[in-house]
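*Asks:* return a 3D structure for these sequence lines:
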Amino acid sequence: MQFDKELDAKNLNCPLPILRCKKGLSEIASGQTLKIMATDPGSVKDFEAFCKQTGHVMTRRDEDDGVYTFYIKKRAE
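*Replies:* Have a look, this model is predicted:
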């Protein structure tokens, strides 16, 4: 899947993956996609709630050997 910026939030616990995501989204343009990887199992619900609250769109979510990868498309401003 294509993305415009990649962030590594592995081995970080809540709320750090979300905080990194917010910072990463602020660095890309509307309509671009952020790929963020995390190992905190709670990040799945955290990112779902974050997208619901902010209007960003999670276009894909994968899990491979304990690493959760999220693709989040930045909403139009």
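*Asks:* shaky segments in this structure?
*Replies:* By pLDDT under 70, the chain has no low-scoring segment.
*Asks:* same thing but at 80, please
*Replies:* For the chain, applying pLDDT under 80 flags the ranges 77.
*Asks:* would you list every one of the strands in it?
*Replies:* 5-9, 33-38, 57-64, 67-73 (DSSP state E).
*Asks:* just those strands: most buried one?
*Replies:* strand 33-38 (a mean of 22; mean count of other CB atoms under 10 Å). All C-beta spots, glycine's among them, are computed from the backbone N, C-alpha and C.
*Asks:* elements contacting it?
*Replies:* With contacts taken as 3 or more CB pairs under 8 Å, 6 or more residues apart in numbering; DSSP states H and E, strand 33-38 sits against strand 5-9, helix 16-26, strand 67-73.
*Asks:* including distance to residue 49, could those go into a markdown table?
*Replies:* A markdown table is the format used below for the helices and strands packed on strand 33-38 (distance: least, CB to CB, whole Å):
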| stretch | distance to residue 49 |
| --- | --- |
| strand 5-9 | 16 |
| helix 16-26 | 9 |
| strand 67-73 | 12 |
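*Asks:* and of the strands of the chain, who's closest to residue 27?
*Replies:* strand 5-9 (6.5 Å; CB to CB).
*Asks:* list of residues touching that closest one?
*Replies:* Residues outside strand 5-9 that contact it (CB atoms under 8 Å, 6 or more residues apart in numbering) are 16-17, 20-21, 24, 27-28, 32-38, 40, 43.
*Asks:* would you check which pair of these lies furthest apart?
*Replies:* For the contacts of strand 5-9, with distances taken as CB to CB, the pair at the greatest spread is 32 and 40 (24.3 Å).
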